[in-house]
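# Below are the sequence and a predicted model for it; my questions follow.
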Amino acid sequence: MDFDLNDEQKEIKQVAHELLASRSPFSKVREAATSAKYDPALWSELVELGWPGIAVASEHGGQGLGAVELSVLVEELGYACAATPYLSTATAAAVIESAGSPEQRSKWLPGLASGEHTAGMGSPELAADARDAAVIVLLDGDEASLLARAEADVEELVTIDPTRRFATVSGEGEGLGAGAADRVRTAIASELIGVCQRALDMTLEYVKDRKQFGVPVGSFQAVSHRCAQMLLVTESIRSAAYFAAWAADADPDRLPEAAALAAAAGADGGREVTASAIQAHGGIGFTWEADVHWLYKRAQLDTALLGGARRHRAALARLGGARVRSALGAAADR
């Protein structure tokens, strides 16, 4: 059994990594954060590549791929900490494609897949990119609804992460089908893979170069143990999030459990890894000049978008308990 990405997915990942390294360095992230504006040139390039519609059927103008390919792109956007409405727009498009009605698909998908419109995503208390969106995917627990921006009451919300625009949203939306909320959480967890991987890479680079007592600080046991734990947590999020992305298309019955696992791992792990990165950078890690704080802030807000880890661990307990009861009942029947 092959648990790796296929060749096409690896190529998508490499192209995204190289493009974002050149188009969205931390200097660009800072510009977007201080100006409170996204880089239109970056968005145009993502649109030209067809990435907003990566998981949208070709009949609606998309590329006809799936949740794993979306996760691949979202991971790389997280690695770059890119200031763009891609996460909310591409995820909303994927959710409408998989869980929307035929009317919802025909109404919204062509504009989202082409990049002509953007989407918001989140809960009524915290939604990303809702202010300038055409449509918003709102989560209420395990339920999701679709709300046209023109029919929503949206108020801008200032957060600690100025690289992304947030708002509160109220209004009555149209219900989406099963799996919509799980797909949203899978995508957010996938972004946290990239955020954590970048934090780990920056930390390893720093502790190899920074010296104390004539030796790299990375050679100190406490520092090396911290880095090893960062790797463990990052890989845990990666495994859980890609399993959920695979289940979304290949085995939807397993998606609720897989998405809860990914959300719990991402909510806890994202904050742990990025906080450890700041600690490992020492005194400079707490300064505005150190870029690592952008990753910490992104992880904090992604955790809030996920709704925290506790509710997802409770969901895992309920789902696991139901599976055990079902198995015991089947055994008793035999």
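Received the coordinates, thanks.
# helix, strand or coil for residue 156?
strand (DSSP: H, G, I helix; E, B strand; the rest coil).
# That one reaches residue 167, doesn't it?
Yes. Residue 156 is within contact range of residue 167, at 5.2 Å (criterion: CB atoms under 8 Å). C-betas here are computed from N, CA, C, even on glycine.
# Overlap in contacts, the two.
Listed as contacting both residue 156 and residue 167 by CB atoms under 8 Å, 6 or more residues apart in numbering are residue 131.
# Between the two, tell me which one has more neighbours.
Neighbour count, other CB atoms under 10 Å: between residue 156 and residue 167, residue 167 has more, with 25 against 11.
# In this structure the more buried one contacts residue 120, no?
Yes. Contact criterion CB under 8 Å: residue 167 and residue 120 qualify, at 7.3 Å.
# Give the residues shared as contacts by these two.
The contact lists of residue 167 and residue 120 share 127, 130-131, 154, where a contact means CB under 8 Å, 6+ apart.
# right, and the helix or strand after the helix or strand that residue 225 is a member of?
Here residue 225, judged by DSSP states H and E, is contained in helix 221-250. Using DSSP H and E, the next helix or strand after helix 221-250 towards the C-terminus is helix 255-280.
# after that following helix comes which helix or strand?
Next along the chain after helix 255-280, taking DSSP H and E as the criterion, comes helix 292-306.
# contacting residues around residue 100?
Listed by CB under 8 Å, 6+ apart, the contact set of residue 100 reads 108-109, 146, 176-177.
# so where's the chain uncertain?
Applying pLDDT under 70 to the chain flags residues 1-3, 211, 218-219, 327, 330-331, 333.
# one more time with 90, if that's ok
1-4, 33-37, 141-142, 172-173, 206-224, 281-290, 308-309, 311, 315-317, 319-334 (pLDDT under 90).
# what residue lies at the spatial centre of it?
With distances taken as CA atoms, centre = their mean, the chain has residue 188 as the residue nearest its mean C-alpha position (2.4 Å).
# buried stuff in the strand or helix carrying it?
In the assignment (DSSP H and E), residue 188 maps to helix 180-209. For helix 180-209, a neighbour-count test (16 or more other CB atoms under 10 Å) marks 180-200, 202-204, 206-207 as buried.
# follow-up on the earlier one: so which of the shared contacts of residue 167 and residue 120 are in strands?
Among the shared contacts of residue 167 and residue 120, DSSP state E puts 127, 154 in strands.
# Measure how buried residue 287 is and give me the count.
The number of residues packed near residue 287 is 11, by other CB under 10 Å.
# Can you pull the phi and psi angles for it?
Residue 287 adopts backbone torsions of phi -90, psi 160, taken as degrees, to the nearest 10.
# Now for it: which residues touch it?
Residues near residue 287 by CB under 8 Å, 6+ apart: none.
# Start the count at 38 instead of 1 going forward.
With the count now opening at 38, the last piece we talked about shows up as residue 324.
# so how far is residue 118 from it?
Distance of residue 324 to residue 118, computed by CB to CB, to the nearest Å: 17 Å.
# Pick out whichever of the shared contacts of residue 204 and residue 157 sits closest to residue 77.
residue 168 (15.9 Å; CB to CB).
# Against residue 190, how distant is the closest one?
Distance, residue 168 to residue 190, by CB to CB: 11 Å.
# For these two, indicate the residue with more neighbours.
Set residue 168 next to residue 190 and count neighbours by other CB under 10 Å: residue 168 wins out with 19 against 11.
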